[in-house]
Structure formats: structure tokens, C-alpha cells
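Chemist: pasting the structure only:
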């Protein structure tokens, strides 16, 4: 059985505001459905370990999200995430970063998680992320001294989507700009449509609608 490590945020707010935030639950749960259907196991980790904050838990029309949020096994994993420094990179076949604004404040600058991800990626394993998840790619440096984003084509949550969501003035920085400056190329489509970019084993999705598709692409590379 293949196994993934999923990194989620410990930051429970939108930037420096007091607006509750964290990991956007549907971006996690829709990918998990793909992993479960493909018989891929997973562990969930965070920088500090322990309970990871979620938002997007009250979407009644999202049956996949509701099902996972009601699942005791999922709740056990999200309430007792593994501390990043205890993660053994050699035991995993890939990495996934769901989005949510929280990770812009912690995972997007954390050297421990970045090092774990680099180690897995350099074993020719897939690294996937969606929405704000690609922000966690920003601090990753490979053994050759290059960014994991060097000469790579990627996508991520767009400026237009920040405006539509009403978060443009509260985010710590604009992800689109950060990715454009660091990656070889940043590509987007009009807001809210499914859009996934695969550049070798680096997989990025633009927004929540892209989460399941990112999960599928990770599975293909496993």
C-alpha cells in the first residue's frame, strides 16, 4: 500500500485578523476521497502537532465533506496530527498540501516541513498542493540549492479569487505574486474553475474545485 503525508496548518486565523480560519476542509476531504478509493493510506501532520483548525465545515450541500467530517477516523487524525519533527520522510511515497489561508502564516515559511518535502520529492515521489497549498512550496530548497519551483510551471489561488472571496485586504501576501516571482511560470484560468498543472512530480491546483483532480494526479504518479 502506498502512503502519503499530508501537511496542514496550525494557524487558526486569516492572516493577522481574528477571523477564524485554518485548513479549508473541502480541499482536504475531496482529495481524501480519491486517496481512499485508490487504497492509498495517509497520515496528517502539522508543525506543532495536535489539533489542526478547519473551516468550511458547514457546507450542507457538500456530501463528501459532510461524510468525512462525521467520520471518527478522520476526526482522530485531524485532532491528533503528527508533529512535523516526528515525521520519517523515508516511510512516505508522496506529499499533499490542502489549502486554506492559515498555511500562508506557517507552512509557507517552515524549514522542517520544507526539508521533509524536499527529501520525498528527491526520491522521485509526487508533491501535490491546491489553492493556497502551493504557498507551502515557497521555502522548499533541493539538495542542488535550487527551489522546488525553479523552472516549474505552477498554479494556485489567484488575485481575482482573493477579490471575489473578500480576502484581498486581509491576506499576509498575494500568493499569485509570490509564485510568479519564484516559479518558472504561473498559469491561471478564470476564477473558480477546475485547473490543475502537472510538471513532472509537482502538481498544483488553482482553487477548491481542483482538489479532487489534484488527488487523482497524485495517485497516477504513485
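Modeler: Yep, it's here. None of the values given here were measured: they were computed from a predicted structure.
Chemist: show me where the chain has helices.
Modeler: For the chain, the helices defined by DSSP state H occupy 25-37, 63-69, 72-79, 111-121, 159-165, 175-182, 211-221.
Chemist: So which residue is dead centre in the protein?
Modeler: residue 97 (2.0 Å; C-alpha atoms, centre = their mean).
Chemist: what pLDDT does it get?
Modeler: We note a pLDDT of 99 for residue 97 in this prediction.
Chemist: contacting residues around it?
Modeler: By C-beta atoms under 8 Å, 6 or more residues apart in numbering, the residues touching residue 97 are 6, 7, 103, 107, 127, 128, 129, 130, 133, 134, 136, 137. Quick note: C-beta positions are derived from backbone N, CA and C, even for glycine.
Chemist: Name the residue most distant from the centre of the chain?
Modeler: residue 144 (24.0 Å).
Chemist: Could you measure from it over to residue 179?
Modeler: Going from residue 144 to residue 179 by C-beta to C-beta, to the nearest Å gives 20 Å.
Chemist: Residue 217 too?
Modeler: For residue 217 relative to residue 179 (C-beta to C-beta), the value is 18 Å.
Chemist: just so I have it, where are all the strands in this structure?
Modeler: 3-7, 23-24, 41-46, 54-55, 82-83, 94-97, 127-130, 153-154, 185-186, 196-199, 202-205 (DSSP state E).
Chemist: Rebuild these as TSV, extending it with distance to residue 13.
Modeler: Formatted as TSV, the strands of the chain follow (distance: least, C-beta to C-beta, whole Å):
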stretch	distance to residue 13
strand 3-7	18
strand 23-24	12
strand 41-46	15
strand 54-55	10
strand 82-83	21
strand 94-97	19
strand 127-130	20
strand 153-154	26
strand 185-186	26
strand 196-199	28
strand 202-205	23
